[in-house]
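S.K.: below is the sequence, then the predicted model.
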Amino acid sequence: MVNVLLVQTVNSARNLDANDTPLGLAYLAGYLRVHMKDVSINIISSDEKLDFMKYKPDIVGMTSVSQNFNIAKELAAMIKKEKNIPIAIGGHHISALPHLLTKDMDVAAIGEGEQTFLEIVELVKSKKFSAANLHNVKGIAFRENGKMVFTGPRERL
């Protein structure tokens with residue numbers, strides 16, 4: 001069993017995006033459920049002020065638009081401080097600016113993330129999540145030895 005926590009980063013002070021349905025994350029969850037056995041998925045919003053570790057995630061996937069990217073950075077740092085688990089980020093901001101991947105974010109999904117995230121979760125589930133194995137996943141960016149690695153574009157679904 002692999003436990004996946006998907007987080008929609010929102011700025012509740014702006015109160016514009018706090019009630020939006022995280023449709024992109026729902027697509028990821030649906031794709032995982034169709035193509036993977038033994039997966040538990042929780043989708044939450046960053047404004048819920050929850051103890052994220054209560055979900056016992058093996059991997060955290062988050063999405064962020066540009067105006068909420070600082071929230072995503074803070075959340076990734078907080079999670080890494082509690083438990084060193086893989087953190088994947090997707091969404092418009094990181095797809096446009098993957099070089100902004102922080103030291104607390106392990107991998108950026110560029111563009112459509114369904115197949116990409118499935119492959120990342122499969123690596124986590126099989127305990128093979130490493131830079132060496134990430135080279136085989138198309139459509140991502142990650143840091144290896146301090147340098148940004150792009151694995152090339154993934155075909156659209």
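M.R.: That came through, no problem.

S.K.: how many neighbouring residues does the closest residue to residue 68 other than its chain neighbours have?
M.R.: Once flanking residues are discounted, residue 68 sits nearest to residue 9: 4.5 Å by C-beta to C-beta, 6 or more residues apart in numbering. For glycine as for every other residue, the C-beta is placed from the backbone atoms N, C-alpha and C. Applying other C-beta atoms under 10 Å, we find 26 other residues in the vicinity of residue 9.

S.K.: so who does residue 9 touch?
M.R.: 46, 62, 63, 64, 65, 68, 69, 71, 72, 75 (C-beta atoms under 8 Å, 6 or more residues apart in numbering).

S.K.: quick check, nearest of the residues you listed to residue 34?
M.R.: The shortest approach to residue 34 among those belongs to residue 63, at 19.5 Å (C-beta to C-beta).

S.K.: which residues touch the closest residue to the closest one other than its chain neighbours?
M.R.: Nearest-residue entry for residue 63: residue 91, 3.9 Å, with adjacent residues in sequence omitted and distances by C-beta to C-beta, 6+ apart. By C-beta under 8 Å, 6+ apart, residue 91 lies in contact with 24, 62, 63, 64, 65.

S.K.: show me which pair in these is furthest apart.
M.R.: Spanning the widest gap among the contacts of residue 91 are 62 and 65, at 11.4 Å by C-beta to C-beta.

S.K.: tell me which of these two has more neighbours.
M.R.: Relative neighbour count places residue 62 above the other of residue 62 and residue 65, with 25 against 16, counting by other C-beta under 10 Å.

S.K.: residues of the strand or helix carrying the more buried one that come out buried?
M.R.: Using DSSP states H and E, the element containing residue 62 is strand 59-63. Neighbour-count burial for strand 59-63, with 16 or more other C-beta atoms under 10 Å as criterion, is recorded at 59, 60, 61, 62, 63.

S.K.: try stretch 70-84
M.R.: Within stretch 70-84, the residues scored as buried using 16+ other C-beta under 10 Å are 71, 72, 73, 75, 76, 79, 80.

S.K.: helix/strand/coil for the first one?
M.R.: So that's residue 71. helix (DSSP: H, G, I helix; E, B strand; the rest coil).
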